[in-house]
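**Q** Dropping the sequence and predicted coords here.
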Amino acid sequence: MVVIYFPVPIANLEFLEANVDGSNRRIFTDGEELTYDEGERRKFLCTVSGSYPAPELKVLLGNEDISRQFIRSESLQRPVNNEGLEQLLYQVELRNDDMEIGYKFADKNFTCHAVVPDAPMERNETSVRVHTKLTGCKYYN
């Protein structure tokens, strides 16, 4: 059996937030401005569907990759099988179910970024600008 595959572009990327309990789920629009109170806790999800191979998915705060603060899950979907052909598509998600908005978020871009490894021109991202209402001066050693 010979297997030939072609990179499949990202069909959909969503960057969304919700309350920690999952209520008030909202999808971000690219370029949107957001304001949070320092110390506020939110659920964030960065999801990609419809690409092959699995996309490289990351979450950035400014230029810092904060993906390690998120849980990654992925699944390989096999839509309706055509005789002799099999379409394979990935669904990948990065999620943080209880992220605290801290002073580090102030006036930074918060970005969900995806790229298909074998097709570097196939990239997609949603970026929002975060403004944080600081509650006071904090000193760190």
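**A** Arrived safely, thanks for sending.
**Q** can you list the weak-confidence ranges in this structure?
**A** 1-4, 79-86, 120-123, 134-141 (pLDDT under 70).
**Q** And the helices in it, which stretches?
**A** Under the criterion DSSP state H, the chain contains no helices.
**Q** Closest to the centroid, which residue in it?
**A** residue 46 (2.2 Å; C-alpha atoms, centre = their mean).
**Q** distance between the ends of stretch 11-26?
**A** End-to-end distance for stretch 11-26, by C-alpha to C-alpha, to the nearest Å: 19 Å.
**Q** circling back to that earlier point, what's the spacing between the residue nearest to the centre of the chain and residue 76?
**A** 19 Å (C-beta to C-beta, to the nearest Å). All C-beta atoms are positioned from the backbone trio N, CA, C, and that covers glycine.
**Q** cool, residue 17 as well?
**A** 27 Å.
**Q** and these two? which has more neighbours close in?
**A** Neighbour count, other C-beta atoms under 10 Å: between residue 17 and residue 76, residue 17 has more, with 18 against 11.
**Q** I figured that one hits residue 44, correct?
**A** Yes - applying C-beta atoms under 8 Å, one finds residue 17 in contact with residue 44, separated by 5.4 Å.
**Q** Show residues contacting stretch 58-78.
**A** 44, 46, 49, 54, 57, 86-97, 99, 104-105, 108-114 (C-beta atoms under 8 Å, 6 or more residues apart in numbering).
**Q** make it 7 Å
**A** For stretch 58-78, the external contacting residues (C-beta atoms under 7 Å, 6 or more residues apart in numbering) are 46, 54, 86, 88-96, 99, 104-105, 108-113.
**Q** for it, the distance to its chain's centre please.
**A** 6 Å (C-alpha atoms, centre = their mean, to the nearest Å).
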